[in-house]
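# below is the sequence, then the predicted model.
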Amino acid sequence: MKLRNQIALVTGGSRGIGRATALLFAEQGADIAFCHLDDDAKAEATATEIRALGRRALHCSLDVADIAATKVFAQQVAEAFGPVDILFNNAGMNIRKPFEAYTEAEFDQILSVHLKGMFFMAQAVYPAMVARGRGCIINIASQRGLKGAVNSAPYSAAKAGIIGFTRALSWEAAPKGVRVNAIAPGPVDTDLTATMEPADRQAFIDALPAGRFGRPEEIAATALLLAGPEGGFYVGATLSPNGGDVMH
């Protein structure tokens, strides 16, 4: 088991990429704490699967844009399980519309959930990682942070900011034993992409060299690479499993 007896904190862990990653980390020996937003039934189902794998599970409903709540949750995890070894910063949302139609409130919500929420969740677990001289932070960005997209200006800006934040924190964290990396997935079959218009979805698929959307489990496998022993030389990297949508 690559993550034997480690503690992983996953944001947005009740569904999609977060759920797939929580389950894979549990299969690899980690105890899992995760948060979600008003998704108690799916969260408990995920927790039940984690426990069936012989690992501990703890979950909480919170908005990651509520910084006080994220700090409380991180403290609860440390008290229940011990210091966090792996943070999988994954929670997200989107509002799709033309650039000129966004309101200030919508812009603030998107930036707060993605960039602000990730920044301060990392800050909540970082001191304990530094104190022990080890830790792993994985931030979920997006291929839209690399190339942009129509009707997603705030989302693309937030995801690009996550990549910049990952690189900046890596300069500070790596000498202290804490590795920080990002994953910028391409289109993946999740609740976020399920809201796409069928014609838009098919056009997207037709333009992808892979000819399909990704699966949450494929992104989870990338997270395991970064979190596990084989990921020790990744520092400030942005891995992008995206079906060929962005080639670099």
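In hand now; what should we look at?

# spatially central, which residue of this structure would that be?
Geometric centre of the chain, nearest residue: Asn90, 1.9 Å, by CA atoms, centre = their mean.

# show the contacting residues for that residue.
Val10, Thr11, Gly12, Gly13, Ile17, Gly18, Thr21, Ile140 (CB atoms under 8 Å, 6 or more residues apart in numbering). Yep, even glycine has a C-beta here, placed from its N, CA and C like the rest.

# scan those residues and report the most crowded one.
Gly13 (33 neighbours; other CB atoms under 10 Å).

# from Arg19, how far out is it?
Using CB to CB, to the nearest Å, we find Gly13 at a distance of 6 Å from Arg19.

# quick one: contacts of the helix or strand of the chain with the lowest mean pLDDT?
Least confident helix or strand of the chain, by mean pLDDT, DSSP states H and E, is helix 191-194 with a mean of 75. Contacts of helix 191-194 with the rest of the structure, by CB under 8 Å, 6+ apart, involve Arg15, Gly16, Gly92, Met93, Asn94, Pro187, Arg201, Phe213.

# buried residues in that helix?
Leu192, Thr193 (16 or more other CB atoms under 10 Å).

# now the helix or strand following that helix: mean pLDDT?
Elements were assigned by DSSP states H and E; along the chain past helix 191-194, the next helix or strand is helix 198-207. Helix 198-207 shows a mean pLDDT of 87.

# which residues touch helix 198-207?
Pro187, Thr193, Met196, Gly211, Arg212, Phe213, Asp245.

# helices or strands up against the following helix or strand past that helix?
Scanning forward in sequence from helix 198-207 by DSSP H and E, the next helix or strand is helix 216-227. The contact analysis (3 or more CB pairs under 8 Å, 6 or more residues apart in numbering; DSSP states H and E) places helix 216-227 against helix 16-27, strand 86-89, strand 135-140, strand 178-183, strand 238-239.

# can you rerun that using 6 Å?
helix 16-27, strand 135-140 (3 or more CB pairs under 6 Å, 6 or more residues apart in numbering; DSSP states H and E).

# can you give me the buried ones in that helix?
In helix 216-227, counting by 16+ other CB under 10 Å, buried: Pro216, Glu218, Ile219, Ala220, Thr222, Ala223, Leu224, Leu225, Leu226, Ala227.
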